[in-house]
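# output the structure for:
(2 chains)
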Amino acid sequence: MMSPVLPPIGMLAELTHRCPLQCAYCSNPVELLKANREMDTAGWLALFDQAADLGVLQVHLSGGEPTLRTDLAELVAGLAKRGVYTNLITAGVGIAEGRIEALADAGLDHIQLSFQGAFAATTEKIGNARGAHEKKLETARRVRAAGLPLTINAPIHRHNMEEVPDFIDLALELGAERLEIANVQYAGWALVNRKVLMPEREAVERQVQIVEEAQERLRGIMTIDFVTPDYFAVYPKPCMGGWARDAFMVAPDGTVLPCHAAASIKSLHFERFGAWSLSRIWHESPAFNAFRGTDWMQEPCRSCERQEIDWGGCRCQAMAIAGDAAATDPACIKSPLHARMAALIDEAVTAKSPDAASDGFIYRRIGKTAGPVA
Amino acid sequence: MTATVRSRAIVSMQSRPVLQRHVRLQYDGVREAWALLSPEKIFWPNEVSLDILRLCNGRHNVAQMIALLADQYAAEQEEIAPDISAFLQEWSDKFLVSL
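The predicted structure is shown next:
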């Protein structure tokens, strides 16, 4: 039986796809939207109002680079007025003087700042942006000076995984409350670049140990959250806490999706805010109802005792690897395609890129369409 | 930049707990419940937790908190003190309460 639809708790707002960095693991879709497709200030404010009415308590303001929106402080103020917790997810490059203070004044609750490397050379290479590291350090200082709480976010993959101990030191030095070490998820641009990003099994195991040791050592000093790598997993993650269960995301043009990679499921159509109200999308959108609850599940999920723990895992990963968005996430050991994950790791690790200059990255760019994934 | 020396806070009777600046205790009218909002997680404290968290405002030390809660629940201070200290230590370790 279909369980009742509960109100959403969280929302990821991708305010823009524009970004000064070109990370090859970007979670944005491969077809990036230009500035002229972005929803205007009034549109976002109306959406935020409806989100608060619907029960959203937490909004992650992301992108692209959200500080490229000149109306960001106004958007933050709109959310703060409604008591919604605001988290700014920024690359911290090119933020004008006084801007962070203005965001704090507008009621911003928290800033999450990404570092592509623990050292300047790594950050520059991965983001393909010169001087990015120093700018990020400066942003971290300004965040602290503005009295805002800080999370350092370190997306990890083959090219920076050995820097995990240095990321921990860096986050401590910057006075962060929290460090998020996140293994890259293979969706969007990361899927295009999977072969060059995939780490070796031994490296993953080593980093898991380092992180676990640091979590223990730094208990009560700094929180370290660790996003485990799906390809090395035994059971899948409850992606988004379950499809359309308590969170959703909004693309720069106002399209509302159950997760940031959902557009990769071509059989689904996603409504835009404005054409439909947010409440109608949340409750009635066929795309939101497609994988809600457990009724849609096939075997082995259908009879699995973990079905309400992981909700079948990630639909986009099922699409990418099983070719069927309703299949069990192949990250699960019970999936008939689980061995494909290990094969993809081996394939990537043995086919290391010979191009030393760029490490073979296909950098994220607006207007550039990457080739299909083999 | 110089690294600030940071160490784990240990709860004592003199600690003056206060919610960390990145968390906020707020009533949610949609779900008719109190929520503790933090960057990635939302906690739904039960009645007892809520009464403790409400006293984490920097105005009371732990000894005073215990006295107030013992009064409120008509309980012996010695009886509830270990649970309250353990709660505060756990929430400090989770970086939700500062001691």
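# output the set of residues of chain B in proximity to chain A.
Residues of chain B lying near chain A by C-beta under 8 Å from any C-beta of the partner chain: B:1, B:3-4, B:6-9, B:20-22, B:24, B:26, B:28, B:30-31, B:35, B:37-40, B:42, B:92-95. Every residue, glycine included, has its C-beta placed from N, CA and C.
# give the burial count for A:A326, as a bare number.
Applying other C-beta atoms under 10 Å in any protein chain shown, we find 17 residues neighbouring A:A326.
# narrow the residues of chain B next to chain A to those in strands?
Using DSSP state E, the subset of these located in strands is B:R24, B:Q26, B:D28, B:A35, B:L37, B:I42.
# neighbour-wise, give me the winner out of the residues you listed.
Of those, with other C-beta under 10 Å as the count, B:L37 tops at 23 neighbours.
# check that one and give its pLDDT.
pLDDT recorded at B:L37 is 96.
# so where's the stretch 251-374 of chain A shaky on pLDDT?
A:352-358, A:368-374 (pLDDT under 70).
# and the residue of it closest to chain B?
Going by C-beta to the nearest C-beta, chain B is nearest to A:S279 of the stretch 251-374 of chain A, at 11.7 Å.
# distance between the helix or strand in which that residue is found and the chain's centre?
Using DSSP states H and E, A:S279 sits within helix A:278-284. Computed by C-alpha atoms, centre = their mean, to the nearest Å, the separation of helix A:278-284 from the middle of its chain amounts to 23 Å.
# enumerate the residues of chain A near chain B.
Contact residues, chain A versus chain B (C-beta under 8 Å from any C-beta): A:7, A:9-10, A:54-55, A:57-58, A:83, A:85, A:87, A:109-110, A:112, A:137, A:141, A:147, A:149, A:151, A:169, A:172-175, A:177-178, A:180, A:219-223, A:225.
# which ones are touching the residue lying closest to A:I9 once chain neighbours are set aside?
Excluding its sequence neighbours, the residue lying closest to A:I9 (C-beta to C-beta, 6 or more residues apart in numbering or on different chains) is A:D246, at 4.5 Å. With contact taken as C-beta atoms under 8 Å, 6 or more residues apart in numbering or on different chains, A:D246 is in contact with A:L6, A:P8, A:I9, A:G10.
# now do 10 Å
Each residue near A:D246 by C-beta atoms under 10 Å, 6 or more residues apart in numbering or on different chains is listed here: A:L6, A:P7, A:P8, A:I9, A:G10, A:G55, A:V56, A:L57, A:M240, B:I42.
# one more: A:L54?
Neighbouring residues of A:L54 by C-beta under 10 Å, 6+ apart: A:P7, A:P8, A:I9, A:M11, A:F248, A:S277, A:L278, A:S279, A:I281, A:W282, A:H283, B:V30.
# any chance of those residues in TSV, with neighbour count and distance to A:L75 too?
TSV is the format used below for the contacts of A:L54 (neighbours: other C-beta atoms under 10 Å in any protein chain shown; distance: C-beta to C-beta, whole Å):
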residue	neighbour count	distance to A:L75
A:P7	16	21
A:P8	22	18
A:I9	22	19
A:M11	24	12
A:F248	28	17
A:S277	17	19
A:L278	25	16
A:S279	14	20
A:I281	24	20
A:W282	23	20
A:H283	14	25
B:V30	16	21
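# out of these, flag the one nearest to A:E65.
Top of the list for closeness to A:E65, among these and by C-beta to C-beta, is A:M11 at 18.4 Å.
# the closest one against A:P258, yeah?
No - using C-beta atoms under 10 Å, A:M11 is not in contact with A:P258; the gap is 11.4 Å.
# hmm, back to that, what does the helix holding A:S279 rub up against?
With C-beta under 10 Å, 6+ apart, helix A:278-284 has contacts from A:5-8, A:11, A:46-56, A:244, A:248, A:250, A:255-258, A:270-273, A:275-277, A:287-289.
# and with 7 Å instead?
A:V5, A:P8, A:L47, A:Q50, A:A51, A:L54, A:F248, A:V256, A:E271, A:F288 (C-beta atoms under 7 Å, 6 or more residues apart in numbering or on different chains).
# pLDDT weak spots in chain B?
In chain B, residues with pLDDT under 70: B:1-5.
# now the helices for it?
Along chain B, the segments classed as helices by DSSP state H run B:47-54, B:62-72, B:77-93.
# can you tell which of these is closest to A:H157?
helix B:77-93 (30.0 Å).
# okay, that closest one in CSV with CA atoms only?
Output of helix B:77-93 as CSV, limited to C-alpha atoms (Å, rounded to 0.1, in the frame of the first residue of the first chain):
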residue,chain,number,x,y,z
GLN,B,77,19.0,15.7,42.0
GLU,B,78,21.4,12.8,42.5
GLU,B,79,19.1,10.6,40.6
ILE,B,80,18.9,12.7,37.4
ALA,B,81,22.4,14.2,37.5
PRO,B,82,24.3,11.4,35.8
ASP,B,83,21.8,11.3,32.9
ILE,B,84,21.9,15.0,32.4
SER,B,85,25.7,15.1,32.4
ALA,B,86,25.8,12.2,30.0
PHE,B,87,23.3,14.0,27.7
LEU,B,88,25.3,17.2,27.7
GLN,B,89,28.6,15.4,27.1
GLU,B,90,27.1,13.5,24.2
TRP,B,91,25.6,16.6,22.6
SER,B,92,28.9,18.5,23.1
ASP,B,93,30.7,15.7,21.4
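# can you name every helix or strand that that helix contacts?
Judged by 3 or more C-beta pairs under 7 Å, 6 or more residues apart in numbering or on different chains; DSSP states H and E, helix B:77-93 is in contact with helix B:62-72, strand B:97-98.
# neighbours around A:A214, how many?
23.
# now it: phi and psi?
Taking degrees, to the nearest 10, you get phi -70, psi -40 for the backbone angles of A:A214.
# and the closest residue to it other than its chain neighbours, what helix or strand is that in?
Nearest residue to A:A214, sequence neighbours excluded (C-beta to C-beta, 6+ apart): A:I168, at 5.1 Å. Using DSSP H and E, A:I168 sits within helix A:164-173.
# quick one: that helix to chain centroid distance?
Centre to centre, stretch against its chain (C-alpha atoms, centre = their mean), the figure for helix A:164-173 is 21 Å.
# which neighbouring elements make contact with it?
Going by 3+ C-beta pairs under 7 Å, 6+ apart, helix A:164-173 lies up against strand A:150-156, strand A:178-183, helix A:201-217.
# buried residues in that helix?
A:V164, A:D166, A:F167, A:I168, A:L170, A:A171, A:L172 (16 or more other C-beta atoms under 10 Å in any protein chain shown).
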